[in-house]
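Chemist: Requesting a structural model of the entry that follows:
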Amino acid sequence: MKVPAGSVAVLAICLVLSPPLVAHAEYDSDFESLNAGRPLAGQDGWTRPTACVEDFLVYEYAGNGLGAPSNPIGGSKFIGALNPAGGIAGAIHSETFGSSLWTVAFDFYGRIGGLGDAGYFTIMNPAAPYLVNENMKICFKDYLGRLMVTYSLYDIDGYPITADCGFSPGPAWFWLDDATVWHRIWTTIDFATNRVTKLKIKNLATGVENDVEREDLYMRGGAAGPTYSPTAFRLTTDEYMDNPPVPCLAIDNLESREGAMGACCILDGSCRYTWEARCGELQGSYLGDAVPCDPNPCPTVPVRETTWGGLKTLYR
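Modeler: Residues are numbered from 1 along each chain as shown. Just a heads-up that it's a prediction; the model follows:
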């Protein structure tokens, strides 16, 4: 976050004075049931971190004020925020994370510009002291004028792997086409060991996906575990300080669930990397834990050309 001198303390106070949150378990939302054109806070368990933080809003894709493109797997709505000049926008939702394998996944669109990053997704504990309340963070950053996804992660002893949320899993996470494309990312955490075991990203326009499995990535606290266990996830934008384009962050299809994931074949022949229970909800066929969707393992739906008359004869 690029913050002018003198405002660091103000923003710190804004983010530390979070209101009490109501406990929630697994979270799964495509935001279709929310009221478009209204603040996200007050809907579906979301709150605003403090009164001095601007709201995230619920948008309709059609003619949206963020300039976000259509999402190939989106419905009619998403959530997002423009980076307000001289401040930040934020939203927070409580989460009761499990004690074993857990994955947080969501679609994102980010636009950088004006010397500002797009924003951040943080797994955190709002009741913890400000300097240690973030267990891990995903950053949508400006890197030489292009969008880059990086992470704030730790080694086995609890030391930051890089400074300033600078860990990149690989080439698929940087030099993203931020102007026209939505991506989806997955972060898998083993809460029994405090390890981040798998990072995954998919370009929703091309269908190309990449993943990295590691044994040496940890959340805050390293192998010893956190002093303050995470109890929420938080969305924030960066501060906008220069000329247009104004940076923004948009999110859709946010899921936070316990258990392993794998390829799910949908009835139309497409593949969705998701949880087995979610695959059942989609009336799909689950191919097994960790089975990838790229290349597509699902059988194509056979199509036979015919005429209307030929079709009618099948049902006579």
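Chemist: From here on, just use CA atoms for contacts and neighbour counts.
Modeler: Will do.
Chemist: A helix includes Gly280, no?
Modeler: Yes - with DSSP: H, G, I helix; E, B strand; the rest coil as the criterion, Gly280 is assigned to a helix.
Chemist: going forward, begin numbering at 47 instead of 1
Modeler: With the count now opening at 47, the last piece we talked about shows up as Gly326.
Chemist: Contact partners for it?
Modeler: With contact taken as CA atoms under 8 Å, 6 or more residues apart in numbering, Gly326 is in contact with Tyr332.
Chemist: and the gap between it and Phe77?
Modeler: From Gly326 across to Phe77, the span is 20 Å (CA to CA, to the nearest Å).
Chemist: what's the distance between the nearest residue in space to Arg280 that is not next to it in sequence and Tyr155?
Modeler: Nearest in space to Arg280, with sequence neighbours left out and distances taken as CA to CA, 6 or more residues apart in numbering, is Ile138 at 4.3 Å. According to CA to CA, Ile138 and Tyr155 sit 19 Å apart.
Chemist: Over to Asp210?
Modeler: 21 Å.
Chemist: now swap in Phe102 and tell me
Modeler: In terms of CA to CA, Phe102 sits 14 Å off from Tyr155.
Chemist: ok, these two, which is more surrounded?
Modeler: Between Phe102 and Tyr155, counted using other CA atoms under 10 Å, the more crowded position is Phe102 (28 against 25).
Chemist: for the more buried one, what are its contacts?
Modeler: So Phe102 contacts Pro85, Leu86, Ala87, Ile125, Gly126, Ala127, Ala135, Gly136, Ala137 (CA under 8 Å, 6+ apart).
Chemist: can you list those in a markdown table and add neighbour count?
Modeler: Listed next are these as a markdown table, based on neighbours: other CA atoms under 10 Å:
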| residue | neighbour count |
| --- | --- |
| Pro85 | 22 |
| Leu86 | 26 |
| Ala87 | 19 |
| Ile125 | 24 |
| Gly126 | 29 |
| Ala127 | 29 |
| Ala135 | 26 |
| Gly136 | 28 |
| Ala137 | 25 |
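Chemist: Let's see which of those end up in strands.
Modeler: Ile125, Gly126, Ala127, Ala135, Gly136, Ala137 (DSSP state E).
Chemist: which one of the residues you listed sits closest to Tyr176?
Modeler: Gly136 (15.5 Å; CA to CA).
Chemist: Distance-wise, check the closest residue to the closest one other than its chain neighbours relative to Gln89.
Modeler: Excluding its sequence neighbours, the residue lying closest to Gly136 (CA to CA, 6+ apart) is Thr282, at 4.2 Å. Distance of Thr282 to Gln89, computed by CA to CA: 17 Å.
Chemist: Those two: which has the busier surroundings?
Modeler: Neighbours were tallied for Thr282 and for Gln89 using other CA under 10 Å; the higher tally belongs to Thr282 (27 against 14).
Chemist: Parallel or antiparallel, which strands does the helix or strand where that one lies pair with?
Modeler: For Thr282, the element it lies in under DSSP states H and E is strand 278-283. Strand pairing for strand 278-283, determined by DSSP bridges: strand 135-140 (antiparallel), strand 165-170 (antiparallel).
Chemist: next helix or strand past the helix or strand where Phe186 lies?
Modeler: Per DSSP H and E: Phe186 is located in strand 180-189. Downstream of strand 180-189, the next assigned helix or strand under DSSP H and E is strand 192-198.
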